[in-house]
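Undergrad: sequence and computational prediction follow.
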Amino acid sequence: MGLPNIREFMHAHCRFRLRSGREVFGVVWEAGSNAERRLHFSTIGEYERSRRDPQHLLNAIPMSPEEILMAERLNG
């Protein structure tokens, strides 16, 4: 899918189809230093808990843009 296309889905609740064939529901975002920005994934619930409580340790999974074949924004 590529990073430029994924950027429109960042910080939004989405359904993702991965290269492995799995479908996952969650949120992706970029984080890191300016020199090394990385894509991260977390479940919707985990992401929302971290937004409500900054002390909550976010369990994020590093992900490469090439792993994401399809993204669909979920209403809600």
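TA: Received, thanks. Numbers count the residues shown, from 1 in each chain.

Undergrad: what about the protein, any weak spots by pLDDT?
TA: For the chain, residues meeting the criterion pLDDT under 70 lie at 76.

Undergrad: got the CA positions of the longest strand anywhere in the chain in PDB?
TA: Of all the segments of type strand in the chain, defined by DSSP state E, the longest one is strand 23-32. Provided in PDB are the C-alpha atoms of strand 23-32 (Å, rounded to 0.1, in the frame of the first residue of the first chain):
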ATOM      1  CA  GLU A  23      -7.300  -9.100   8.900                       C
ATOM      2  CA  VAL A  24      -6.700  -6.900  12.000                       C
ATOM      3  CA  PHE A  25      -8.600  -4.100  13.500                       C
ATOM      4  CA  GLY A  26      -6.800  -1.200  15.100                       C
ATOM      5  CA  VAL A  27      -4.900   2.000  14.600                       C
ATOM      6  CA  VAL A  28      -1.600   2.800  12.900                       C
ATOM      7  CA  TRP A  29       0.600   5.900  13.400                       C
ATOM      8  CA  GLU A  30       4.200   7.100  12.900                       C
ATOM      9  CA  ALA A  31       6.500   7.700  15.800                       C
ATOM     10  CA  GLY A  32      10.200   8.100  16.300                       C
END
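
Undergrad: contacting residues around that strand?
TA: 6-7, 9-18, 37-44, 46-47, 60, 63, 68, 71, 74 (CB atoms under 8 Å, 6 or more residues apart in numbering). Where you see a C-beta, it was placed from the backbone N, CA and C, and this is true even at glycine.
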